[in-house]
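Visitor: model the structure of this input:
(one chain, ligands or ions: 3)
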Amino acid sequence: MGDNQQDKMSRRALPVAAAQEKVISFCGKLTSEFVSLSEAKGRVLAETVKAPHPYPHFRRSGMDGYAIISSDTAGCSAQTPVHLEVIDEIPCGSLPSVALVPGTAARIMTGAKVPDEADAVVMFEMTEATDGESGYYVKLKREIAAGANITPVGLELAEGDVILEAGQIISAGEISVLATFGISEVAVIRKPRVAVMATGSELLAVDEPLQDGRIRNSNTYMLESQIRDAGAEPIILNVIADDLSTARSRVLEAIEEYDLVISTGGVSVGDFDIMADLVLGDEMEMLFNKVMMRPGSVTTAAVRLGKLLFALSGNPGACFVGFELFVRPAIARMMGIEQPFLKEVEAILAADYPKINAYTRFVRGRIAVEGARLRAYPAALDESSVMITIKDSNALLVIPPTTEGVQAGELIKVLLLPGVAG
Ligand SMILES: Nc1nc2c(c(=O)[nH]1)N[C@H]1C(S)=C(S)[C@@H](COP(=O)(O)OP(=O)(O)OC[C@H]3O[C@@H](n4cnc5c(N)ncnc54)[C@H](O)[C@@H]3O)O[C@H]1N2
Ligand code: MOO
Ligand SMILES: [Mg+2]
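Guide: Ligands and ions are numbered 1, 2, ... in the order given. Sure, this is the predicted structure:
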């Protein structure tokens, strides 16, 4: 056994939180760019946005009806109705054309500007239109309170109010606000460009026929989807055979070119685990090459030129979990998101989890709302090498180190996986 093998095997395992902290400390916020509103969904706001005007910016009718001076209805009842002369018609988008005086009303539509002299709108259904000697009148049979059916200026926002904070992820509600305030182009953090490089001489392209002893490269496409879901731009690089010098030159090139590089495979203690050797070389500053977790204990991170390389395990389950615990938060922080980690909740473990382990386990599974409770169902197969249960999972169940397993009914922590359907 060479020195190399010895170095690869003598690893110091970091607790997950310490490893996450190390990674995050290397994630600076990227620069910003402008995108149109139609492209803004899912992007992260780069600047705080303040209301350039109040909203609404004019007194708006909330109903189709009549704008009136409410004091005209004092003492009004079915027995003593009031008749107001209708002297104006105000469709939406038009302005009042005459000033109201006591005893008059304006026919007005929902969303139209209320005449300055009016202080209430009464809906059509509460009125009767009548023809009088000199024109057309509206008959009211009850008192109307001042303010009725008028949306005041600035009800939703005053001028200068902070509408959206920098770091906010833009969704339908934010887009509606920006459009309302005439912000057609919005400053967002540019998408991190994340390169994916699979390693392994056994890997076939997805469109190649199966060969004995070889498998198709699924991790690249899984990671591409996770990267996109995290808000970054994936770049798929050629697969690298298990050759250290090729891997070294390709990784160094990729680090120059992209904001972040992910490799998958070759990170354990095997003879051809080239990524494990690579991070021990002089070109990289290794942050860690073992984490107290399963799957993904061999998850490795290194830095060069201030940029991160994540060498994730080749085992699909470990690769998936490594991305969610380390890469997704790194991407989130590069995009200026303050709290970059998976959201944590507490849930009742729905089935016994008998496996013992010295490290914390992040078990794929499903979380379900049952009545007022959250229950967490571990996947039947959760080994690091298992691929099939990734698709059935919407959460990672956190099973702390245990010598006797965890019983159904116990309260556990659960990390919610974004980007997967309920
Ligand atoms: N003697 C020891 N052996 C192993 C240990 C150990 O501690 N001592 N750790 C085991 C654990 S835990 C894991 S996890 C794996 C990690 O393996 P690597 O990260 O080195 O990955 P590979 O050896 O390249 O591949 C493992 C497995 O995954 C398949 N694979 C690789 N790339 C892909 C891909 N792109 N798409 C789909 N599947 C992929 C590969 O064919 C292997 O089956 O090591 C254990 N061994
Ligand atoms: O690194 Mo392995 O995934 O711990 O199980
Ligand atoms: Mg290996």
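
Visitor: residue closest to the middle of this structure?
Guide: Most central in the chain under C-alpha atoms, centre = their mean is Ile169, positioned 6.0 Å from the mean C-alpha point.

Visitor: so who does that one touch?
Guide: Contact analysis of Ile169 by C-beta atoms under 8 Å, 6 or more residues apart in numbering lists 42-45, 231, 337. (Each C-beta comes from the backbone N, C-alpha and C, glycine too.)

Visitor: quick one: which of those residues is nearest to ligand 1?
Guide: Gly231 (22.8 Å; C-beta to the nearest ligand atom).

Visitor: count of neighbours near that closest one?
Guide: 21 (other C-beta atoms under 10 Å).

Visitor: quick check: closest non-adjacent residue to the residue in the chain positioned nearest to ligand 1.
Guide: In the chain, the residue that lies nearest ligand 1 is Gly314 (2.6 Å; C-beta to the nearest ligand atom). Once flanking residues are discounted, Gly314 sits nearest to Gly265: 3.0 Å by C-beta to C-beta, 6 or more residues apart in numbering.

Visitor: so who does the one you found touch?
Guide: 198-200, 203, 219, 275, 313-314.

Visitor: of those, list those near ligand 2.
Guide: Ser313 (C-beta under 6 Å from any ligand atom).

Visitor: which of the contacts of Gly265 has the most neighbours?
Guide: In the contacts of Gly265, the most neighbours by other C-beta under 10 Å go to Met275, 31 neighbours.

Visitor: that's a helix at that one, yeah?
Guide: Yes: assignment of Met275 by DSSP: H, G, I helix; E, B strand; the rest coil places it within a helix.

Visitor: doesn't Leu244 make contact with it?
Guide: No: the criterion here is C-beta atoms under 8 Å, and Met275 misses it with Leu244 at 9.0 Å.

Visitor: pull up the residues of the protein that are close to ligand 1.
Guide: Taking C-beta under 6 Å from any ligand atom as the contact definition, the chain meets ligand 1 at 198, 200, 202-203, 215, 217-220, 264-270, 273, 295, 297-298, 313-316, 318, 384.

Visitor: just the buried subset of the residues you listed, please.
Guide: 198, 200, 203, 217-220, 264-268, 273, 295, 297-298, 313-316, 318, 384 (16 or more other C-beta atoms under 10 Å).

Visitor: in helices only, show me these.
Guide: 219-220, 316, 318 (DSSP state H).

Visitor: ligand 3 next: which of the residues you listed are close?
Guide: Restricting those to those touching ligand 3 (C-beta under 5 Å from the ion) yields no residues.

Visitor: just the residues you listed now: which is nearest ligand 2?
Guide: For those, the residue nearest ligand 2 by C-beta to the nearest ligand atom is Ala318; the value is 3.2 Å.

Visitor: OK, contacts around that closest one?
Guide: Applying C-beta under 8 Å, 6+ apart, the residues near Ala318 are 295-299, 312, 384.

Visitor: check what pLDDT it gets.
Guide: On the pLDDT scale, Ala318 is placed at 98.

Visitor: mind starting the numbering at 77 from now?
Guide: Sure, I'll start numbering at 77, so the last one becomes Ala394.

Visitor: does Ala323 sit in a helix or strand, and which one?
Guide: Using DSSP states H and E, Ala323 maps to helix 320-333.

Visitor: starting at the chain centroid, how far to that helix?
Guide: Taking C-alpha atoms, centre = their mean, to the nearest Å, one finds the center of helix 320-333 at 32 Å from the center of the full chain.

Visitor: tell me the mean pLDDT for stretch 331-340?
Guide: 98.

Visitor: can you tell me what sits against it?
Guide: Contact partners of stretch 331-340, identified using C-beta under 8 Å, 6+ apart, comprise 106, 268-275, 295-296, 299, 303, 308, 311, 316, 323, 327, 330, 351, 380-381, 383-390, 395, 399, 403, 406-407, 410.

Visitor: give the next helix or strand downstream of the biggest strand by length in the chain.
Guide: Secondary structure assigned by DSSP state E gives strand 436-446 as the longest strand of the chain. Downstream of strand 436-446, the first helix or strand assigned by DSSP H and E is strand 449-454.

Visitor: just the CA atoms of that following strand, as CSV, please.
Guide: Coordinates of each C-alpha in strand 449-454 appear next as CSV, following Å, rounded to 0.1, in the frame of the first residue of the first chain:
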residue,chain,number,x,y,z
ARG,A,449,-49.5,16.2,12.7
LEU,A,450,-46.6,15.7,10.4
ARG,A,451,-45.5,12.1,10.0
ALA,A,452,-42.3,10.9,8.4
TYR,A,453,-42.1,7.6,6.4
PRO,A,454,-38.6,6.3,5.8
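
Visitor: fine, thanks again, bye for now.
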